[in-house]
Structures are given as structure tokens and as C-alpha cells.
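Trainee: Provided below are the primary sequence and the corresponding predicted coordinates.
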Amino acid sequence: MTIPETLIEIRGLAKSYQRGGQVIPVLTDISFDIARGEFLALMGPSGSGKSTLLNCLAGIDRADAGQIVVNGQDITLLDETELAEWRSRSVGFIFQFYNLIPVLTALENVELPLLLTNLTRRERREHAESALAAVGLDDRMDHYPAQLSGGQQQRVAIARAIVTDPDILVADEPTGDLDRVSAEDILNLLDRLSSEMGKTIIMVTHDPRAAQQAHVLRNLDKGELSRVADPAGH
Amino acid sequence: MLLIRLAIRNAFRHRLRSFLTILGVMVAILAFGLLRTVIDAWYAGVEASSANRLVTRSSVSLMFSLPMAYKDKIRAVPGVTLVCQGNWFGGIYIDEKNFFANFAYEPQTLLDLYPEYVLDDPAQRSDFLRDRKGCLVGAKLAKRFGWKVGDNITLRGTIFPGDWVMTVRAIYRGARSGTDESQLFFHWAYLDETMRVNYPSRAGQVGFYMVGINDPNKAAEISRAVDAQFANSLAETLTETEKAFQMSFVSMSEAIILAIRLVSFVVVLIILAVSANTMAMSARERTGEYAVLKTLGFSARTVALLIAGEALVISLTGAGLGLVLILPCAEAFGTLMTDFFPVFAVSRETIMYGVVAGLAVGILSGIYPAIYAARVRIAVALRKVG
């Protein structure tokens, strides 16, 4: 049996919000590891801090205390510019409401993150086309988001997330705005990305069916994290 | 390129709002340009003045004339090269609404003093000089009334009574774009001889002298020397540069010019406020998109430039349309107002100021939204989208 390599180490993570002069703790002393290639589902009631934890792990929000070490690098020590650079290199984002740019075509949306790389225009185009083909949308490249269904838009968002070949994919309620069929489709796609491409996926969800697709399920409640038995026998 | 494309597409995302803002900028730049051209037209006489020319007139008022005998004395002042006597004639052609400037001048020195009045046909020049009842008209004026060389025209005198028949002997064009081509000049001798017959007491009287000098740097010195000749006489003189003389007319309307100038800037300020409002609304609506761009790794600076680019696209499109329209509008306006503004041409400076105003509107209206977008906190903005 091989011991999975740890990709992300979270140690003593804490975060609180100020609301009307009152300090509301959201995350309290969170510590856990995420292995490379792990498909982790984070569950918990509304306001439990799932999205806050996800945002901290993805480098789009800052913790008040604690360490997040990714690939040996503590990202809590990075300044805004370094963090932005790290994000563009290491993390792919999938949002509940897809968050595509409506005035850009599917291909242009996917090409967007590649503007931050040194690729030529032609190479960018080729990479974006490959990413769209990987999510089964090679026939919708020139469509604008409004011309696509919710499921197709989420596929474009996934293509955008994987186009730079990041180690980590973070997904915040990726099926929350989709019908059942489309949701299953997206979950299967995420599963493929994890099992076939070795992506580490951290997914926040309310949906137990979505959580079952993950390898590891963690529950967050009142700022504290607990590990639930492996879903679906993973 | 993709980011430029994004800025352009964002600019036209809300078509009605963008169209109205562009329309506003277009109208503002057009109004700004036209108002500036009105001011330029006011100063056209001043701008067309030559540093080599002085004007000698009665020190009391232009209403008072000077004796013809002064001409030789002025000519004798060191530094003076030419002297030409002239009178504002104030004649009316058919109807009072057909106003244009008409003067009686000594023709030879007039043409020597005003090289900017170009007569392409040498025969016309000699015909005008030879015929005491001949007149020289500007090309714009000839076009306005359909006059051709050889046509007889009659001016009804207001200051100098009677019907004054004269023949168009020459048509001049301006050497520069600011030269007034809507004037009429006829022989001072024709005026004086007629007055000598009909009103002998008013003969030999000169409205003003145009004085040519050899060194513009000595204008003040020569002016003093001319006036000193006639100090303590019954008709003391006031000699000044042609520019100062023209300015004395313009300064009478200084308050109006200042008001027009202020209005031209206020128009730009208003459109700046409208444009800034449009950009602020757009930036607020797209907070989530800016957060996504930042999430993907784009810097705050890139996001801010995207907004600034969008604001520039809108304002420069409007300014460009306004500047394209300004030439035909100025021509139409100039034709309509030809009685008031003989020279109504859009200057290069006005076009340049229009471009600068468009740029300024774009940059200034984009500043606040750009800062706003740059400061968007990703997590907060994404929560709002959710």
C-alpha cells in the first residue's frame, strides 16, 4: 500500500468576521491534510464556514491565523501579487454560477487564464480548444454563455479551470444551479479529472449525492471540522 | 488583444446606455468645438493682423475724421514705409440684412499693405487700380451674392448719403485660412470726389490711416513719433498696432466671449459627470466579473486598465463622432452667420482640444470605477454574486 503524498497541509487555521462591532468566529483551529489527487467534499450547514475555508485554501481570502502549506510553500506568507501569481499557476476555480464573462465566447473564456502565461496566441488557442474538447464542448466554442445551457456553461467553467493544468481545482457548489442530469454530468466530469488527470479537487457542497462522488468527505460545523466515513466506499 | 476585445465589448454591452453616453459625448464635443470656433471667429480680425501695420485714428473716437494733410506727415516719420488712407463706408447692398464690411481705400497702397489679399489674375489688379469706380471684393462675398468681374453693383450710403454705383473689377482670395474674404474695397478717390461735389465740407476727411512700418519691434516708437506730430492740434491722433486696434473692438464683447468660453468648458464638465456615472454603474454591475478576473490571477492594475480602456472607448467614440461632425456643422453655421462671422473656420487647435477633451473625459470618468474595481475584494464580491 502506498502512502499518498500530501499536497496541502492546513495547520491551526482560524478566521473570524466583524459584524456590527461583534467578532464572529467562522473557522477555529482547523488542521488537516489533503493528499495529491484527493477528491475532497466539504459539507456543512449554511454559515458553517465551508466557502470561507475553500477561499482560504484557494488563496482568495486570508486567514487570521494558521498556515496553509501547498507543495511546501506557505501561501499565507505571500503578498497579493505573489498570491495572484500562485493562483494563476496552481488553482483552477469552478463556481456555482459559472461566472463566465458574458461578452466572451466559450473559447475566449477558456483562453482568458492563458493570457497570464508565456504562450503564443496560437498556442493559447490550441490549449483552449483542447480543454473544451476534454469537457465535450468542441462544437460550442464560438457560442456565448447566454447561448449555452447551465450544464454547458459549467463545462466551459471547468475547461477554464483546467486549461492552465493546475494541481488543485476548487469547486464551490458546482452543481448548485443545475438540474439533476446536468449535475450528474458535472460530477462525473470532476471524478474523471481526479481519477484520470490526477487533479486534487476540493468541493464545497450541500448536496449529499454530490458529496458521494468524492473520495473524502469532511463536515464543517460551528467552525470545527470532522472527517466522515469515506463516501461511497472510497 | 483578448483584453482589448473585452474592453471594447464591455463598452457596448448595454447598448442603449452606451449609445446615449456616446451621443452625449458627441454633442458635448461638437458644442465645445463650435463654441471655440465662435470665439476664434471673434478674434479672426486680431489673428489676421500684421505686426507690420499700424492704425492711426482720431484720439477722441473713430467717429471723428482726420485731415488728408496728415498723410505726408505720417509718411515722413522714420520707419514708416507706406501710408494708406481709408474710411469705413457702411454701405448697404439692396437690404440691410445683407450686411458686409465695405471700405474706401487708396487702392495701390491697400494692395501693397495687404499681401494676404491675393489676386490670381494680374489683369484684374490693373483693372481695379485703373477704374476709379471699380471695386475689389472677397471671394466669399462674391460667391454669396453671385457677383462676377464686370458686374455693376449699387451700395446705398448710410454715412455717406446717396447711391454709389461701382463695378466689380477684381476678386481676391485669402492667402491664409483666417483671411476675411467677405469685404469690399473701392477707391477712396471716388468717395472723396463725390463728397467734394455733393458735400464739400466733408471732402478731404479720412477715417483712419493704415501705416506700414519696416520693423515691428519699433512699432511703439513709431506710433509715439506719429502721434507726437499732431499733439496739441485740433485733431490729435492715436496710433496703435493693427492687432491692438482690432482688439479694441473685441474687448467690447469681452464679457460675452468669457461667457461663451465658460459655457464651452461647462459642457465638457457636464458630459464628464454623465460619463463618470455610466462608468460607475457599469463597474458596480460587473463587480463579480472583476472578482473572477482577479481570482484567475489578473492583477488589480490590469482590471483597472480594463475599466479605463472601456471608458476611453466610449468617450473617444463620442469625441470622434463629434469631431467628424464639426466640420460640416461649422460650415453650415458659418454660412448661416456669415453677417456676424466673416471668418468661421475650425482651427487645428480646436480639433486638438476636442481630442484632448475626449481623452480627458475618458480618463477622468474611468478613474473612480477603475479604483473601485482594483480594490474589489474577491471573496466579498463573489459572495455578492452568489
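Mentor: It's in.
Trainee: how about the residues of the stretch 151-300 of chain B that lie near chain A?
Mentor: Taking Cβ under 8 Å from any Cβ of the partner chain as the criterion, the neighbours of chain A within the stretch 151-300 of chain B are B:Gly288, B:Glu289, B:Val292, B:Leu293, B:Lys294, B:Thr295, B:Leu296, B:Gly297, B:Phe298, B:Ser299, B:Ala300. Using the backbone N, CA and C atoms, a C-beta is placed for each residue, glycine as well.
Trainee: how about 6 Å then?
Mentor: For the stretch 151-300 of chain B, the residues in contact with chain A under the definition Cβ under 6 Å from any Cβ of the partner chain are B:Glu289, B:Val292, B:Thr295, B:Leu296, B:Gly297, B:Ser299.
Trainee: Check the secondary structure at the closest residue to the second one other than its chain neighbours for me.
Mentor: Once its chain neighbours are removed from consideration, B:Val292 has its nearest residue in A:Asn99; the separation is 4.6 Å (Cβ to Cβ, 6 or more residues apart in numbering or on different chains). Classification of A:Asn99 using DSSP: H, G, I helix; E, B strand; the rest coil returns coil.
Trainee: What strand or helix carries the closest residue to chain B within chain A?
Mentor: Distances between chain A and chain B by Cβ to the nearest Cβ are smallest at A:Ser88, namely 2.5 Å. Counting by DSSP states H and E, the element that carries A:Ser88 is helix A:80-90.
Trainee: Dump the C-alpha coordinates for that helix into PDB.
Mentor: Written as PDB, here are the backbone C-alpha positions of helix A:80-90 (Å, rounded to 0.1, in the frame of the first residue of the first chain):
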ATOM      1  CA  GLU A  80      -1.300  40.000  -3.000                       C
ATOM      2  CA  THR A  81       0.800  40.000  -6.200                       C
ATOM      3  CA  GLU A  82       2.600  36.700  -5.300                       C
ATOM      4  CA  LEU A  83      -0.700  35.200  -4.300                       C
ATOM      5  CA  ALA A  84      -2.300  36.200  -7.600                       C
ATOM      6  CA  GLU A  85       0.600  34.600  -9.500                       C
ATOM      7  CA  TRP A  86       0.300  31.500  -7.400                       C
ATOM      8  CA  ARG A  87      -3.400  31.200  -8.000                       C
ATOM      9  CA  SER A  88      -3.000  31.600 -11.800                       C
ATOM     10  CA  ARG A  89      -0.400  28.800 -11.700                       C
ATOM     11  CA  SER A  90      -1.800  26.400  -9.200                       C
END
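Trainee: ok, the closest residue to the residue of chain A closest to chain B other than its chain neighbours - contacts?
Mentor: Beyond its immediate neighbours in the sequence, the residue positioned closest to A:Ser88 (Cβ to Cβ, 6+ apart) is B:Gly297, lying 2.5 Å away. By Cβ atoms under 6 Å, 6 or more residues apart in numbering or on different chains, B:Gly297 lies in contact with A:Ala84, A:Arg87, A:Ser88, A:Leu116.
Trainee: Just read off the phi/psi values of B:Gly297.
Mentor: phi 120, psi 0 (degrees, to the nearest 10).
Trainee: Could you report the neighbour count for the residue of chain A closest to chain B?
Mentor: Burial of A:Ser88, expressed as a neighbour count using other Cβ atoms under 10 Å in any protein chain shown, amounts to 21.
Trainee: do you know how far it is from A:Cys56?
Mentor: According to Cβ to Cβ, to the nearest Å, A:Ser88 stands 18 Å off from A:Cys56.
Trainee: Over to A:Val135?
Mentor: Summarising the geometry, the distance separating A:Val135 from A:Cys56, computed by Cβ to Cβ, is 27 Å.
Trainee: just B:Val206 next, same as before
Mentor: When distances are taken as Cβ to Cβ, B:Val206 and A:Cys56 turn out to be 93 Å apart.
Trainee: cool, and B:Trp42?
Mentor: Between B:Trp42 and A:Cys56 the distance, using Cβ to Cβ, works out to 67 Å.
Trainee: Looking at these two, which has the bigger crowd around it?
Mentor: A direct count of neighbours by other Cβ under 10 Å for B:Trp42 and A:Cys56 places A:Cys56 higher, at 26 against 20.
Trainee: So the residue nearest to the more buried one when sequence neighbours are not counted, which state does it fall into?
Mentor: What sits nearest to A:Cys56 in space, not counting adjacent residues and going by Cβ to Cβ, 6+ apart, is A:Ala63, at 4.8 Å. Here A:Ala63 is coil, with the state taken from three-state DSSP.
Trainee: I figured A:Ala63 hits A:Ile10, correct?
Mentor: No. Counting by Cβ atoms under 6 Å, A:Ala63 does not reach A:Ile10; the two are 9.1 Å apart.
Trainee: just the helices in the stretch 201-350 of chain B please.
Mentor: When assigned using DSSP state H, counting those that start in this stretch, the helices of the stretch 201-350 of chain B occupy the ranges B:219-229, B:242-250, B:254-285, B:287-296, B:300-336, B:348-375.
Trainee: Please identify the most buried of the ones you listed.
Mentor: Highest mean neighbour count of the helices of the stretch 201-350 of chain B: helix B:287-296, a mean of 23 (counted as mean count of other Cβ atoms under 10 Å in any protein chain shown).
Trainee: which ones are touching B:Thr241?
Mentor: Neighbouring residues of B:Thr241 by Cβ under 6 Å, 6+ apart: B:Leu54, B:Ala219.
Trainee: what's the answer for A:Gly136, then?
Mentor: Going by Cβ under 6 Å, 6+ apart, the list of residues near A:Gly136 is empty.
Trainee: name the element it belongs to?
Mentor: If you go by DSSP H and E, A:Gly136 is not part of any helix or strand.
Trainee: just for chain B, where's the confidence low?
Mentor: By pLDDT under 70, the low-scoring segments of chain B are B:384-386.
Trainee: Quick check: the residue of it nearest chain A.
Mentor: Distances between chain B and chain A by Cβ to the nearest Cβ are smallest at B:Gly297, namely 2.5 Å.
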